[in-house]
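Chemist: Please work out how this folds:
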Amino acid sequence: MQLAHVLVRCGQTFANGVTDGAASLSDPSLRAADDLVDGAAQVINRALGALAGSDGSVDGTFYRVSEGVRDVARLGHAGVSLGAVGNSWPASTARRIVLPLAARTIHLHPTAELAERVLLPGDPGRALAVATAVLDQPRMFNHARGLWGYSGTASDGKPLTIQATGMGGPSAAIVIEELIDLGARTLIRIGTCGALDPELELGRLVVAERVLARDGTSTALGASGVLRPDPTLTAALGDAGARPVTAVSTDLFYGDRASRNDEWSAAGVNVVEMEAATLLAVADRRSASAGIALAVSDRLAGGVRCRIEREGLEQAGVELGQLALAALARA
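Modeler: Okay, the predicted model is just below:
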């Protein structure tokens, strides 16, 4: 297994170097770099398989690195390199991921440390923006399936991971389950919502004290009625400046929702979104702590959608990350 350790370290160092410099390469160079990494990955993976031995495990993660080179380079990730397990954080705070070959997560392909504290935006672009704003030297944690994730040391000096979930409960459930499998213990959704309450202005940051489960995923997970996030996280998000609200989770963004909006408003719902109930249902089932922080991206009162401007949405996303980090520091 000593040779396997050497191969992993060398392979990851090689991949990091290629990825860090790839943004400056031309398209032919990108193809050549991609081919080079792919060939190295195949050699290393074959060697690891042969050297895994009777315990069936290897140290670290070298998940199809070649897939990310072109995407990372073209999407502006220069300087946010693919990481190697155990390379980015001090030994006093590092958590090593040691997984049996047969137990690797199916959808997330970790390429860096996973922190026990995780922020969950839906949008991969928001994950990158928040990582840039709150992490020191962020490293890409996942790029598989376009669900970008980043890990690093936050401004409070502790490890933090920011992982996109995609849109809707089904995608979020998969990501959250696999993050918990990998060691996540505290998760805060940092997403957007539509305001049914006319007093909530665009860009306003809110914290869900109650979530009505009206979506298919949380229902399939056994949730019903009203779900409540972790009280300590909820209080900390409120202390950090978010306004307390009641949220409802649904499956649909488009469609005729006027009658349902009226029904939800009559039940005391302030905002509507799509993933909060799923996070709370999975967290409850897996004994993890979860909180819900949202930014108002749409106003829906009166049956007419009023959408926030792009710049305002981007700013609100970063502010959500900063709010959640402040809450984690308080909790």
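Chemist: any idea how far G222 lies from A277?
Modeler: Distance, G222 to A277, using C-beta to C-beta, to the nearest Å: 11 Å. Placement of C-beta: from N, CA and C, glycine included.
Chemist: and these two? which has more neighbours close in?
Modeler: A277 (31 against 10; other C-beta atoms under 10 Å).
Chemist: OK, contacts around the more buried one?
Modeler: Shown in contact with A277 (C-beta atoms under 8 Å, 6 or more residues apart in numbering): G169, V211, L212, A213, R214, D215, T217, S218, A223, L227, S249.
Chemist: what kind of secondary structure is it in?
Modeler: Put simply, A277 is helix when judged by DSSP: H, G, I helix; E, B strand; the rest coil.
Chemist: And the helices in the stretch 201-331 of the chain?
Modeler: Counting by DSSP state H, counting those that start in this stretch, the stretch 201-331 of the chain has helices at residues 216-220, 231-239, 258-266, 276-286, 310-330.
Chemist: Go through those and pick out the most buried.
Modeler: Comparing these by mean neighbour count (mean count of other C-beta atoms under 10 Å), helix 276-286 ranks first with a mean of 25.
Chemist: mind exporting that helix as PDB, just the C-alpha atoms?
Modeler: In PDB, the C-alpha atoms belonging to helix 276-286 read as follows (Å, rounded to 0.1, in the frame of the first residue of the first chain):
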ATOM      1  CA  ALA A 276     -35.900  23.100   2.600                       C
ATOM      2  CA  ALA A 277     -38.300  20.300   3.500                       C
ATOM      3  CA  THR A 278     -36.000  17.700   1.800                       C
ATOM      4  CA  LEU A 279     -33.000  18.900   3.800                       C
ATOM      5  CA  LEU A 280     -34.900  18.800   7.000                       C
ATOM      6  CA  ALA A 281     -36.300  15.300   6.300                       C
ATOM      7  CA  VAL A 282     -32.900  13.800   5.400                       C
ATOM      8  CA  ALA A 283     -31.200  15.500   8.300                       C
ATOM      9  CA  ASP A 284     -33.800  14.200  10.800                       C
ATOM     10  CA  ARG A 285     -33.500  10.700   9.300                       C
ATOM     11  CA  ARG A 286     -29.700  10.800   9.500                       C
END
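Chemist: hmm, back to that, mark which of the contacts of A277 are buried, thanks.
Modeler: G169, V211, L212, A213, R214, D215, T217, S218, A223, L227, S249 (16 or more other C-beta atoms under 10 Å).
Chemist: Of those residues, just say which sits nearest to P198.
Modeler: L212 (19.3 Å; C-beta to C-beta).
Chemist: measure that closest one to V269 for me?
Modeler: With the distance defined as C-beta to C-beta, L212 ends up 6 Å from V269.
Chemist: Repeat that for G125.
Modeler: 28 Å.
Chemist: what does L135 give?
Modeler: Applying C-beta to C-beta, the value for L135 to V269 is 34 Å.
Chemist: if I pick R243, what's in contact with it?
Modeler: Contacts of R243 by C-beta under 8 Å, 6+ apart are L200, R204, L205, V206, V207.
Chemist: Quickly list what it is bridged to.
Modeler: V206 (DSSP bridges).
Chemist: mind checking the SS state of L119?
Modeler: Classified using three-state DSSP, L119 is strand.
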